[in-house]
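K.L.:
Here is a sequence together with a model predicted from it:
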Amino acid sequence: MDPSRVRLWGPLAPYRESFWAELAAQGYTPLSSLNQLRLMAHLSRWLDERRLTIEDLDAACIDLFVRHRRHLKRTSWHSLRGMQPLLRHLRNLRILPVAKHPLAVLTPTRKPLKLPGP
């Protein structure tokens, strides 16, 4: 499958190839990689439509995007967990700051769920 099949513009467009390569290196199937690239394209368009840059992509912005996907009734990748491969890639490139709790999940009351560990 060809990653150029996914129309991607906006602030995340320069990272298409590196994200595709990282997904392949992690063992993602071509279809799963395309789906992750589609999520990246949607986020990039969403940022672009709001005149936001990659520097604006903080936790609050990501939360708004996830809510936007839920509002659109997307059946997949409408949670923080679904966005982890993309967010991890952007953190690895030092575009986003490293999260203190990368798998933190918000409960319905909007309070962080305590995860086991140090």
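P.N.:
Done, it's in. Numbers count the residues shown, from 1 in each chain.

K.L.:
Packing partners of the one helix or strand Leu23 maps to?
P.N.:
Secondary structure assigned from DSSP states H and E places Leu23 in helix 16-25. Taking 3 or more CB pairs under 8 Å, 6 or more residues apart in numbering; DSSP states H and E as the contact definition, the neighbouring helices and strands of helix 16-25 are helix 30-49, helix 80-92. Just so you know, the C-beta spots here come from the backbone N, C-alpha and C atoms, and that holds for glycine as well.

K.L.:
among those helices, which is nearest Ile62?
P.N.:
The closest of those to Ile62 is helix 80-92. By CB to CB, the value is 6.8 Å.

K.L.:
Dump the helices and strands packed on helix 16-25 to a markdown table, plus mean neighbour count.
P.N.:
Written out in a markdown table, the entries for those read as follows (neighbours: other CB atoms under 10 Å):
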| stretch | mean neighbour count |
| --- | --- |
| helix 30-49 | 18 |
| helix 80-92 | 18 |
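
K.L.:
Mind putting those helices into JSON lines with mean pLDDT?
P.N.:
As requested, those are arranged in JSON lines below (pLDDT from 0 to 100):
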{"stretch": "helix 30-49", "mean pLDDT": "92"}
{"stretch": "helix 80-92", "mean pLDDT": "88"}
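
K.L.:
do you know which of those lies nearest Leu72?
P.N.:
Closest of the helices and strands packed on helix 16-25 to Leu72 is helix 30-49, at 9.2 Å (criterion: CB to CB).

K.L.:
so what does the closest one touch, helix or strand wise?
P.N.:
Other helices and strands packing on helix 30-49, by 3+ CB pairs under 8 Å, 6+ apart, are helix 16-25, helix 59-71, helix 80-92.

K.L.:
now the ones you listed as a markdown table including distance to Arg45?
P.N.:
Converted to a markdown table, those look like this (distance: least, CB to CB, whole Å):
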| stretch | distance to Arg45 |
| --- | --- |
| helix 16-25 | 13 |
| helix 59-71 | 10 |
| helix 80-92 | 14 |
